[in-house]
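Novice: No sequence on hand, only this structure:
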């Protein structure tokens, strides 16, 4: 095999937005202003909490609130939290913003440093005059700042300011002190350096140094001043007045002396300070004596030969010139200096600074340590902004990091040098080997958030989309691109929208103002589409013509390109690099930009091949995997962008289908659908042949190489173990970004391999291909290559299916409340003013699996850049998705259902295989969507497997990543996966599934009942009753019969299916009958269906029905008395019917009576004694008036006269419609019925 290529790109930026996850996390602290001069006014401090995100209305406001002019990260000592503090200067250097960007914290710590401090100064902070330090006596950080008013601010910010909102609520501002150094009234400060929390060194424009000292415990309100000159320390200011030198450097409005200190570091023993001056002089000062211990000309010029010549000076804006380093196992320490004019590094060993020039030596002075970056920067004019040398640690070689800039382009590089290269005495590394190492620079890729990468991901131009206009909506494509999670910040899109609207006609802008309350997505859509002139006129009311559709699409695309241009420009300004720093503990590099921050991670194997940036040409052959990926990538680039999208859509359908034919037949069918051969021109084919030849021949298509290449989509990390730290919220954001990038790269490689496989399988004769493979360089040493399309096809399909599911999880979001990434519940905060209790938006990948971080293991031996790659890879692939795809998709679908994300669950359905459990979950989804017919079909389809007595749920895992692989063997055996999503958190699933058909149908009945789908409750309750009565039913199944009957009765009553309700009622247990019977009777009577009630047999229930009717009549009145009356007459109980009729009478109902030969009307309340009562009847037949012709004499009647408990309030109008009244008392000796017509009855009544 060929030798490995020396990678030129091994790292990648992980660009992260700085917008807070919730509102109410930004604490604005306006510092007090002390009256130092008679012209200044004393003001008190003020603290406010920003409740909303700062939304800018124009570009200048956007720059003021979001784009920093300076920034970096201060790293506190190991063991402190928060440890990584990002600081930025905004609003013309008057606002200092500080926040924690720690990626991890101890698993035992529950309080996360999530607050952002926005500290406002009354005057601007001078350039290079902001320093940080850490006091020893308290857990806090000191911020030292010199403003343009020459005031020294000392801020002692305690740890709790970043954790607890209540801690910042102090009106006294005791943590802020202001001091005015006396010397700064006469001299202009150039730079400030903090060597500790108690010692500051201020570089003055005249070449002097002001040392400010305070005692431990001092609050910074007073400092001891000392002047540091070339001759000695002094407390006098005699040197403060100096004649202006003719050879000076202009910096702002100040002329700097050539001896002005531009860089300063303190020695490890804290006995000396080393400085680099603008005149390329390296000096060592003894802190005890104040004398210069040695002075070295960094240019190496001979003083006599250069006498009288102008000495080149360093630009005053150069950020860094000096770094001190301690190497493991060495007594001396080392200095790294940089000469900007020569782009050259020099390395110095310092044995004893007090020995003068004998105590320092230059290492490898004969070698020019000049980075050759012209090819990398694509320019010969570039400058080095910063550098950092990392000493060797364990097996890691010493590493030099640099950040170079060419115009607006900023790029980070690194090179590895053997630690013994610094041993000047032994010269272990030869000059030739040293040159080889020095020229092996590795670059840091900008990542997928760079403008170049975003341009590649943006929707294609309209001209490239002509053939797919019917399949792809331009507007939706652009909205999906612009609002992809974490791609652009909300202030960026808001500002771009505002600028875009300013370019519209006044009428369009006025029309858009009506949509100001819409969500941002809809406002962007309305603005872009509303800006287009209407083309509807002239085409009638039946839509647009074919040509007008193209014009519409072209207009839409053009306007989206305009809007994206605005977004892209703002996004590019946000990514303008400000500084580069290395964490000395974690050895992790950070790039701080104007409105984002980027930790630097290692690249995966496939990422290193796919990195998007120009690389210097190399002559070494590449290995088999890299060669195959290179060929596949080259071939895929031949396909038109429009076809690539169509190809991806076709594959997305293919990978989710269940295979019913052999892999070879699937390949053939896919070739016919894709038609990939027709997309390759003769010129492309020639280039493809050349790429194959450059890769060593057709042997690169070997089956083992294909499979090995596919395996590289996931990194292999062995010997992993638990760490005492886990990612916090900012760390999770980092790992989610890493996961997104891995998915994009892996999918790109797999698509290229699939396209290559289909083309080779379809276009090459197997015999000729085998001959070409045997003749290639890869078939050496007796190894025979062969091309196995079916095996590679199956593996690629499986991997693409996995990537598609993961892509869905990282590209969709939902709103949720914060959960701990350390395995607990919601983060605990010791304040009642808790903004983290608010919901926030997270990707599905983060939302579903954030609690599994405690089970993602990594070795402590890995450097942090590799740990970030490991976290992302293990989070994606650690659960073995490809091996347990069915269970994983079930988990995702169940989680979406549990959270109520129905639209996302519907979109995820194509990825869920039709397993019995997924079929059940589909039923749950359609049930939640009120698609009851579809839900019923899926529930019935899943019943046979889920009802099996051999089926059982696996125990629910504590963590999906920790327990899922071990539980899958059990899940495979039982055919039901574990309830990992806790869909049945409060229910024993063994009572629902695997307990027989009745138990399953009982569960389905409950589901439909909760959805008020009563007709389906009837259906499944009847099925459950049938199953419970089958010969194979168990005793516990029979116990479910009452439940089914109760559900059947309730649902049948709700759907007016009274026959089914009556059937269920007659089979209910005795204890359940009264309540059901009353419900049944009341429903029928209230609906006027008394005849239906009388039509049922009511075997054995006569007396109960009569009691229920009487009870209802006593409570509800007239309508129910009529039902009682009819019920008793139908059953031949005339006495009871008469009683019911009497009960209908109200106190004010008139009764016609004839007594003692006197006829007239009396009221029920006036009826006191016996006599002849005549009940008048009219019209109708005997059937309609069953009391007609009945002789009531001799019958005993209860006393229902006045004074009794008879109810009143019956309707007299209804009384006149032929309803019969019985006699009213036992003392009435005769009752007769007198017939009359209706007119006569009306007259009498």
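Specialist: Arrived safely, thanks for sending. Since we're looking at a predicted model, the values are computed, not measured. Numbering: from 1, shown residues only.
Novice: isn't residue 293 right up against residue 360?
Specialist: No - with contact taken as Cβ atoms under 8 Å, residue 293 and residue 360 are classed as non-touching, separated by 9.2 Å. All C-beta atoms are positioned from the backbone trio N, CA, C, and that covers glycine.
Novice: Please enumerate the shared neighbours of the two.
Specialist: Common neighbours of residue 293 and residue 360, using Cβ atoms under 8 Å, 6 or more residues apart in numbering, are 284, 353.
Novice: Ramachandran coordinates for residue 74?
Specialist: For residue 74, the backbone dihedrals (degrees, to the nearest 10) come out as phi -100, psi 130.
Novice: That one reaches residue 132, doesn't it?
Specialist: Yes - in this structure residue 74 lies within contact range of residue 132 using Cβ under 8 Å: 3.9 Å.
Novice: what's the overlap in contacts for these two?
Specialist: With the criterion set as Cβ under 8 Å, 6+ apart, the overlap between the contacts of residue 74 and residue 132 is 85, 87, 141.
Novice: Can you tell me which of those residues is closest to residue 589?
Specialist: The closest of the shared contacts of residue 74 and residue 132 to residue 589 turns out to be residue 85 (Cβ to Cβ; 16.5 Å).
Novice: Need the contact partners of the helix or strand containing the closest one.
Specialist: Counting by DSSP states H and E, the element that carries residue 85 is strand 84-90. Strand 84-90 has contacts (Cβ under 8 Å, 6+ apart) with 18, 64-76, 95-103, 125, 130, 132, 141, 143, 578, 583, 590, 592, 597.
Novice: What lies in contact with the very next helix or strand once past that strand?
Specialist: The helix or strand immediately downstream of strand 84-90 is strand 95-100, counting by DSSP H and E. By Cβ under 8 Å, 6+ apart, the surrounding residues in contact with strand 95-100 are 18, 68, 82-90, 113-121, 125, 130, 143, 145, 157, 162, 730.
Novice: For the strand or helix carrying residue 551, which residues meet the burial criterion?
Specialist: Assigned by DSSP H and E, residue 551 falls within helix 546-574. Buried positions in helix 546-574, judged by neighbour count with 16 or more other Cβ atoms under 10 Å: 552-557, 559-560, 563-564, 566-568, 570-571, 573-574.
Novice: So residue 179 is in contact with residue 154, correct?
Specialist: Yes - under the contact definition of Cβ under 8 Å, residue 179 touches residue 154, with a separation of 6.9 Å.
Novice: Spell out which residues are contacts of both of those two.
Specialist: Common neighbours of residue 179 and residue 154 (criterion: Cβ under 8 Å, 6+ apart): 220, 221.
Novice: Would you mind telling me which of the two has more residues around it?
Specialist: Under the neighbour definition other Cβ atoms under 10 Å, residue 179 and residue 154 were set side by side, and residue 154 has more, 24 against 17.
Novice: residue contacts, the residue lying closest to residue 258 once chain neighbours are set aside?
Specialist: Closest residue to residue 258 apart from its sequence neighbours, by Cβ to Cβ, 6 or more residues apart in numbering: residue 279 at 3.9 Å. The neighbours of residue 279, taking Cβ under 8 Å, 6+ apart as the test, are 258, 259, 311, 313, 314.
Novice: can you redo those residues as JSON lines with secondary structure and neighbour count?
Specialist: Compiled in JSON lines, the contacts of residue 279 are given as follows (DSSP: H, G, I helix; E, B strand; the rest coil; neighbours: other Cβ atoms under 10 Å):
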{"residue": "258", "secondary structure": "coil", "neighbour count": "18"}
{"residue": "259", "secondary structure": "coil", "neighbour count": "17"}
{"residue": "311", "secondary structure": "coil", "neighbour count": "14"}
{"residue": "313", "secondary structure": "coil", "neighbour count": "18"}
{"residue": "314", "secondary structure": "coil", "neighbour count": "23"}
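Novice: can I get those residues in a markdown table with distance to residue 9 and pLDDT?
Specialist: Supplementary listing: the contacts of residue 279 in a markdown table, determined by distance: Cβ to Cβ, whole Å; pLDDT from 0 to 100:
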| residue | distance to residue 9 | pLDDT |
| --- | --- | --- |
| 258 | 40 | 92 |
| 259 | 42 | 92 |
| 311 | 39 | 79 |
| 313 | 36 | 93 |
| 314 | 31 | 94 |
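Novice: out of those, who's nearest residue 756?
Specialist: The shortest gap between residue 756 and any of the contacts of residue 279 belongs to residue 314, at 53.4 Å (Cβ to Cβ).
Novice: so how far is residue 896 from the closest one?
Specialist: According to Cβ to Cβ, to the nearest Å, residue 314 and residue 896 sit 60 Å apart.
Novice: repeat for residue 925
Specialist: Using Cβ to Cβ, residue 925 is found at 8 Å from residue 896.
Novice: go on, residue 645?
Specialist: Here residue 645 is placed at a distance of 27 Å from residue 896 (Cβ to Cβ).
Novice: Where does pLDDT dip in the stretch 1101-1245 of the chain?
Specialist: 1144-1245 (pLDDT under 70).
Novice: try 90 this time
Specialist: The stretch 1101-1245 of the chain contains residues with pLDDT under 90 at 1101-1103, 1109-1245.
Novice: and the protein, what are its domains?
Specialist: 16-180, 185-323+343-363, 459-574, 621-826+844-877, 896-1067, 1133-1244 (automatic domain parsing).
Novice: looking at those, which one has the lowest mean pLDDT?
Specialist: With a mean of 43, domain 1133-1244 has the lowest mean pLDDT of the domains of the chain.
Novice: Quick check: phi and psi on residue 191?
Specialist: Note on residue 191: backbone dihedrals following degrees, to the nearest 10 are phi -140, psi 160.
Novice: If it is in a bridge, with which residues?
Specialist: Applying DSSP bridges to residue 191 gives these bridge partners: residue 203.
Novice: how near is it to residue 132?
Specialist: Using Cβ to Cβ, residue 191 is found at 14 Å from residue 132.
Novice: quick one, what contacts the closest residue to residue 1027 other than its chain neighbours?
Specialist: Closest residue to residue 1027 in three dimensions, ignoring its sequence neighbours and counting by Cβ to Cβ, 6+ apart: residue 997, at 4.1 Å. For residue 997, the contact set (Cβ under 8 Å, 6+ apart) comprises 943, 947, 1023, 1024, 1027, 1037.
Novice: Compute the inter-axis angle for whichever helix in the chain runs longest and strand 95-100.
Specialist: Among the elements of type helix in the chain, defined by DSSP state H, the one spanning the most residues is helix 729-763. Between the axes of helix 729-763 and strand 95-100, defined by axes from the mean of the first three to the mean of the last three Cα atoms, to 10 degrees, the angle is 70 degrees.
Novice: Now tell me what touches whichever helix or strand comes after helix 729-763 from outside.
Specialist: Using DSSP H and E, the next helix or strand after helix 729-763 towards the C-terminus is helix 766-774. Applying Cβ under 8 Å, 6+ apart, the contact partners of helix 766-774 are 697, 698, 699, 701, 702, 760, 779, 784, 785, 786, 787.
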